[in-house]
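Participant: fold the following for me, if possible:
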Amino acid sequence: MPSLDELLAPRLDPVPATWPASELRHAAVLAPLIALGGVDHLLFTVRPGTLRRHAGQIGFPGGMQSGVEDPRGAALRECEEEIGVPASAVTILGALRSRVSSSRILVQCLVARVQPVDLELDADEVERVLYVPVAELRDETRWAERPPPIRVSGTSPPASPHFRHGDDLVWGLTGRFVREFVERLAGGEVRT
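Facilitator: Below is the predicted model:
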């Protein structure tokens with residue numbers, strides 16, 4: 001039986017060497033797969049509730065492009081800065097489609113296998129991490145398409161995939177990336 005990585009890698013897009021042509025700013029996130037107790041999980045970060053933007057929201061480690069770095073460089077740098085995972089512990093498997101965030105940023109999501117390491121959270125950006133078993137994310141009964149759970153001033157973001165894990169809610173851009181991840185893993189048609 002093939003491993004999750006062997007099943008998933010051929011279903012992902014190649015990692016782009018450059019950013020897509022766009023007038024938007026660029027950012028990259030890393031969707032880290034990590035095995036805990038022999039079970040594959042996706043690792044998410046939970047942002048501090050005190051932040052001015054995206055307070056308390058759940059996402060992947062990531063952030064804005066710095067200088068001339070490519071998507072791989074941005075994702076790896078941000079992962080190390082936010083949760084202390086060095087590039088040497090990361091094997092990038094491929095990419096999901098880039099998407100435009102509600103703040104009008106073009107975000108590239110890379111999927112990677114991460115070796116278990118001691119995490120060092122940047123308290124300014126990450127309150128805690130959340131591990132969600134991939135098997136739970138693949139359970140279609142756990143997903144719903146809903147409007148944003150919070151009021152966003154001046155905008156009306158569209159409905160997005162929502163996934164509840166205990167008291168935590170994955171939604172918005174991260175929910176869209178995770179749904180695409182699940183669809184790619186299943187080998188099915190990927191929704192836009």
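
Participant: contacts and neighbour counts: CA atoms only from here.
Facilitator: Will do.

Participant: check which helices and strands the longest helix along the chain sits against.
Facilitator: The longest helix of the chain (DSSP state H) is helix 172-186. Contacts defined by 3 or more Cα pairs under 8 Å, 6 or more residues apart in numbering; DSSP states H and E place helix 172-186 against helix 4-8, strand 160-165.

Participant: run a quick check on residue 174 versus residue 62, I expect a contact.
Facilitator: No. Residue 174 lies out of contact with residue 62 (Cα atoms under 8 Å); the separation is 11.2 Å.

Participant: comparing these two, which shows the higher neighbour count?
Facilitator: residue 62 (26 against 22; other Cα atoms under 10 Å).

Participant: next, the closest residue to the more buried one other than its chain neighbours: phi, psi?
Facilitator: Distances taken as Cα to Cα, 6 or more residues apart in numbering place residue 29 nearest to residue 62, at 3.9 Å, with adjacent residues excluded. Main-chain dihedrals, residue 29, degrees, to the nearest 10: phi -130, psi 160.

Participant: for burial, what's the neighbour tally of residue 29?
Facilitator: The burial count assigned to residue 29 is 25, neighbours taken as other Cα under 10 Å.

Participant: is it in contact with residue 106, as I believe?
Facilitator: No. Residue 29 lies out of contact with residue 106 (Cα under 8 Å); the separation is 10.8 Å.

Participant: residues in contact with the longest helix of the chain?
Facilitator: For helix 172-186, contacts defined as Cα atoms under 8 Å, 6 or more residues apart in numbering pick out 7-8, 11-12, 58-60, 96, 99, 101-102, 109, 137-138, 148, 159-163, 189-191.

Participant: among the residues you listed, the buried ones, what's the PyMOL command?
Facilitator: Only the buried members of the contacts of helix 172-186 end up in this PyMOL selection, burial being decided by 16 or more other Cα atoms under 10 Å:
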select buried, resi 8+11+12+58+59+60+96+99+109+137+138+148+160+161+162+163
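
Participant: so where's this protein uncertain?
Facilitator: The model of the chain has pLDDT under 70 over residues 1, 49, 51-56, 150-157, 188-192.

Participant: run the last query once more with 90
Facilitator: Applying pLDDT under 90 to the chain picks out residues 1-3, 20-22, 47-57, 66-67, 101-104, 146-159, 187-192.

Participant: angles on the backbone of residue 77, please.
Facilitator: phi -60, psi -50.

Participant: who's in contact with residue 161?
Facilitator: Taking Cα under 8 Å, 6+ apart, we find residue 161 in contact with 143-146, 171-172, 175-176, 179.

Participant: what's the nearest residue to it if we skip its chain neighbours?
Facilitator: Nearest residue to residue 161, sequence neighbours excluded (Cα to Cα, 6+ apart): residue 145, at 4.5 Å.
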